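**Student:** kindly generate the corresponding structure for this input.
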Amino acid sequence: MSTIHASLNLIDQQPAGCERIEKMLEASAYWRPDATHQLSSCDHACRMARASLINTRQSRLESVHRDSSGNMITANARLDNRDELAGQLEIPANELEQHADGMLILLAYKRWGEACPKQLLGDFAFVIYDAVQDKVFAARDHFGVKVLFYTRTESEWLLSNEHNAFFTSGAVKKVIKESWLVQQLWALRSNRFESPVNGIETLPAAHSITLDRTGNASISRYWDLEERDDWNGWDDASLIDELKRRFEQAVRSRLNSEYPLASELSEGIDSNGITGFAARALGEEPLYTLSYGCIELDDDNRHIWEATYQDIYEMQAMHANIQPIWRKQEKNNSLTLQQQTLNRHAGVPMPVKDGAHISYGRLAAKKGVRTLLSGWGGDHCVSTYGDFYESELLNQGKFITLHRLLREKRARGRSGKPAKAWAGLLLKHAIPPLFRSLMRRKRGLVDGQHHLAHSHPLKRIHVERYQLMQKQQEFLKQYERYSVKAHHQRELFDVGVEPRLVESELCSRIYRIEYRYPMLDVRLVELAYNMPSHLKVYQGIERYMYRKILEGVTTERIRWRVKADVQHPRYDHIDNNNRSESRESIKDQTDDSALVRDYLDLDGSKQAKARRLQKGIELLLEIEEQRQSGEMEITKAS
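**Tutor:** Residues are numbered from 1 along each chain as shown. Down below sits the predicted model:
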């Protein structure tokens with residue numbers, strides 16, 4: 001893990017000198033880097049810097065690298081295909097260990113030019129200065145595990161994966177986009193991470209960008225998830241064996257660390273698979289696990305956690321080297337404090353939807369951990385439920401197979417009566433608007449979004465100005481899919497995988513932790529995407545192909561049970577320290593806030609969820625405090 005910074009002066013502009021890049025580096029001081037490096041191009045048109053966290057042997061070799069042609073690179077990278085690259089680049093096997101990942105990427109650029117990201121596997125964000133063509137080329141990994149921001153000022157291009165670097169450098173003012181603010185308050189879903197600040201852009205996942213000194217920028221996509229026929233003719237058993245091989249390799253390739261490792265572990269099959277395979281691969285080396293809030297079970301909370309923890313205890317007992325991390329219940333509102341910590345280091349408010357990113361980093365760091373495995377992204381493709389297989393069969397005219405599937409899902413408790421399921425399916429295909437209308441009456445995402453639209457206290461002027469109702473309807477319309485592969489595309493790219501990854505990176509960096517995601521291994525995802533749909537929901541058993549590969553690494557109960565049997569924590573009984581503030585408390589906080597009154601109608605918010613309302617108010621109050629001190633502004637839509 002590292003933070004990277006680069007500046008490229010525009011033509012006819014005076015070089016910014018070392019001060020700009022040094023001030024960008026200052027933004028990383030909070031996480032106490034193990035080393036920092038700076039380098040300038042020969043003509044001083046480009047300057048680069050890097051703040052390093054050492055967690056692997058290769059990371060000890062990382063720096064801002066320069067080759068014999070004067071090309072430079074600063075990279076935050078963890079490559080999975082080092083051996084393959086070495087062969088393609090004709091690097092002798094006995095010399096590969098002397099090459100950091102950043103240097104391999106620079107050599108790949110020299111060989112393939114702007115096509116080099118297509119040759120890379122792993123998690124990466126990098127910036128290259130091409131001394132011959134006098135331009136900057138940068139890229140980000142396939143799913144967006146590593147983030148990269150950029151901006152253009154009057155005199156230069158700036159790039160960094162440290163959001164606050166744009167402010168510590170003095171290059172960008174803290175001007176919050178009102179469009180971003182109202183979408184945060186409204187909780188409108190987004191498929192990509194967006195900086196709150198006007199002028200700071202986020203390079204999309206699986207994209208590269210070329211910046212020249214005339215001020216021009218060119219962005220292109222270098223990878224997409226596509227249908228492939230590589231496995232045509234393979235039987236079911238061979239396909240599942242290949243899935244297991246690739247999954248195990250995805251886990252193993254993410255265990256490279258000179259420090260202890262930790263893994264998220266719930267009672268779900270995604271985290272169980274990763275933790276189980278990792279524990280096996282590590283042998284006698286310890287693997288720490290983090291579960292839910294890591295609250296230690298005692299007599300005061302037994303009614304909340306005991307049933308949930310039982311599954312986790314049984315899984316942990318299968319692997320002698322698993323060492324669970326537990327802590328005492330905290331009396332303060334830790335999520336609020338953690339959110340404030342992130343905001344301070346990001347330079348602006350940056351709401352996090354899942355506080356586990358921060359709390360896990362803090363707990364793991366106390367054990368000396370610098371690498372944390374996560375099962376996030378699994379059910380988006382690799383451990384898919386096989387949703388929309390029914391629509392796929394209907395479109396293919398396979399009515400007998402479809403009816404059998406509906407009966408099998410009914411027997412497993414995953415569907416209603418076949419006749420009712422048929423009626424809903426036919427209505428979905430024949431009259432989509434009527435189907436969407438009926439879906440509002442069911443508890444679920446559609447109903448929840450509909451309720452949000454009609455109960456949220458955001459004032460109507462903002463809802464109308466930014467067309468939030470229309471955007472929500474567009475989101476719900478594209479949410480419908482008619483095949484399993486279309487569902488994978490939706491889950492991976494359309495409903496917000498990337499924002500969660502960025503949140504995790506920014507939060508864990510505070511505690512010198514790097515997140516790694518085996519479920520987002522490119523070769524694993526490409527295979528899972530192209531596996532036949534009948535293996536994804538086989539004889540009514542959802543997530544079948546993934547369940548098959550978990551034999552011996554988790555309990556049989558976890559491996560085969562239905563979701564309805566999962567024992568979730570009884571949050572209704574969790575004490576008030578972990579509940580949202582009362583509405584009376586909310587009113588007390590906001591009586592004197594002009595900004596809250598500008599955006600929210602609290603008198604009409606009785607149906608809004610208190611926790612969501614509280615988070616929105618905390619966001620507005622923090623912005624208001626910085627506005628009053630002159631540090632921050634809000635810009636409205638033109």
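
**Student:** now the most centrally placed residue in the chain: which helix or strand?
**Tutor:** A centroid search over the chain (CA atoms, centre = their mean) returns Leu501, at 1.7 Å, as the residue closest to the centre. Assessed by DSSP states H and E, Leu501 sits inside helix 497-509.

**Student:** pLDDT on that helix, on average?
**Tutor:** For helix 497-509, mean pLDDT is 93.

**Student:** any chance you could list what contacts it?
**Tutor:** Helix 497-509 is contacted by residues 1, 3, 31, 143-147, 161, 163, 190-193, 202, 204-205, 338, 342, 345-346, 350, 352-354, 357-358, 360-361, 372, 374, 376-377, 380, 491, 514-515, 517, 520 when judged by CB atoms under 8 Å, 6 or more residues apart in numbering. All C-beta atoms are positioned from the backbone trio N, CA, C, and that covers glycine.

**Student:** change it to 7 Å
**Tutor:** If you take CB atoms under 7 Å, 6 or more residues apart in numbering as the criterion, helix 497-509 is touched by 1, 31, 143-147, 190, 192-193, 205, 342, 346, 350, 352-353, 357-358, 361, 372, 376-377, 380, 514-515.

**Student:** could you flag which of these are buried?
**Tutor:** Among the contacts of helix 497-509, those buried by neighbour count (16 or more other CB atoms under 10 Å) are 1, 31, 143-147, 190, 193, 205, 342, 346, 350, 352, 357-358, 361, 372, 376-377, 380, 514-515.

**Student:** in helices only, show me these.
**Tutor:** Counting by DSSP state H, the buried ones among the contacts of helix 497-509 place 342, 346, 357-358, 361 in helices.

**Student:** right, and Ile358 touches Leu342 too?
**Tutor:** Yes. Using CB atoms under 7 Å, Ile358 is in contact with Leu342, at 6.5 Å.

**Student:** for the record, mean pLDDT for stretch 563-581?
**Tutor:** On average, stretch 563-581 scores 60.

**Student:** how about stretch 20-31?
**Tutor:** Averaged across stretch 20-31, pLDDT comes to 96.

**Student:** buried ones in it?
**Tutor:** Under 16+ other CB under 10 Å, the buried positions of stretch 20-31 are 20-25, 27-28, 31.

**Student:** over to stretch 251-264?
**Tutor:** 251-257, 259-264.

**Student:** same list (the residues you listed) but as TSV, adding secondary structure.
**Tutor:** Formatted as TSV, those follow (DSSP: H, G, I helix; E, B strand; the rest coil):
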residue	secondary structure
Val251	helix
Arg252	helix
Ser253	coil
Arg254	coil
Leu255	coil
Asn256	coil
Ser257	coil
Tyr259	coil
Pro260	coil
Leu261	strand
Ala262	strand
Ser263	strand
Glu264	strand
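
**Student:** which of the residues you listed sits closest to Glu633?
**Tutor:** Nearest to Glu633 out of the buried residues of stretch 251-264 is Glu264 (CB to CB; 38.4 Å).

**Student:** show me how the protein divides into domains.
**Tutor:** Per automatic domain parsing, the domain ranges recorded for the chain read 2-163+200-221, 236-379+513-534+544-569.

**Student:** how about the strands in the stretch 51-200 of the chain?
**Tutor:** Applying DSSP state E, counting those that start in this stretch to the stretch 51-200 of the chain gives strands spanning 65-66, 72-79, 122-130, 135-140, 149-152, 156-160, 174-177.

**Student:** can you check which of those strands gets nearest to Glu226?
**Tutor:** Nearest of the strands of the stretch 51-200 of the chain to Glu226, taken as CB to CB: strand 135-140 at 18.9 Å.

**Student:** what about the closest one, average pLDDT?
**Tutor:** Per-residue pLDDT over strand 135-140 has a mean of 98.

**Student:** ranking helices and strands of this protein by mean pLDDT, which lands last?
**Tutor:** For the chain, scoring each helix and strand by mean pLDDT, DSSP states H and E identifies helix 583-590 as the least confident one, at a mean of 62.

**Student:** residues in contact with whichever helix or strand comes after it?
**Tutor:** The first helix or strand that comes after helix 583-590 along the chain, using DSSP H and E, is helix 594-599. Helix 594-599 is contacted from outside by 185, 458-459, 462, 590, 617, 620, 623-624, using CB under 7 Å, 6+ apart.

**Student:** go through the next helix or strand after helix 594-599 and flag the buried ones.
**Tutor:** Using DSSP H and E, the helix or strand that follows helix 594-599 in sequence is helix 610-628. For helix 610-628, burial by neighbour count (16+ other CB under 10 Å) applies to 612-620, 622-624, 626-627.

**Student:** and for stretch 519-527?
**Tutor:** For stretch 519-527, a neighbour-count test (16+ other CB under 10 Å) marks 519-522, 524-527 as buried.

**Student:** from these, pick the one nearest Ala486.
**Tutor:** Using CB to CB, Val525 comes nearest to Ala486 of the buried residues of stretch 519-527, at 15.2 Å.

**Student:** what sits against the closest one?
**Tutor:** Applying CB under 7 Å, 6+ apart to Val525 gives the contacts 225, 381-382.

**Student:** on that earlier part again, export the domains of the chain to JSON lines and tack on distance to Lys477?
**Tutor:** What follows is the domains of the chain, written out as JSON lines (distance: least, CB to CB, whole Å):
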{"stretch": "domain 2-163+200-221", "distance to Lys477": "22"}
{"stretch": "domain 236-379+513-534+544-569", "distance to Lys477": "23"}
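
**Student:** closest one of the buried residues of stretch 519-527 to Cys42?
**Tutor:** Of all the buried residues of stretch 519-527, Val522 has the smallest distance to Cys42: 36.1 Å, by CB to CB.
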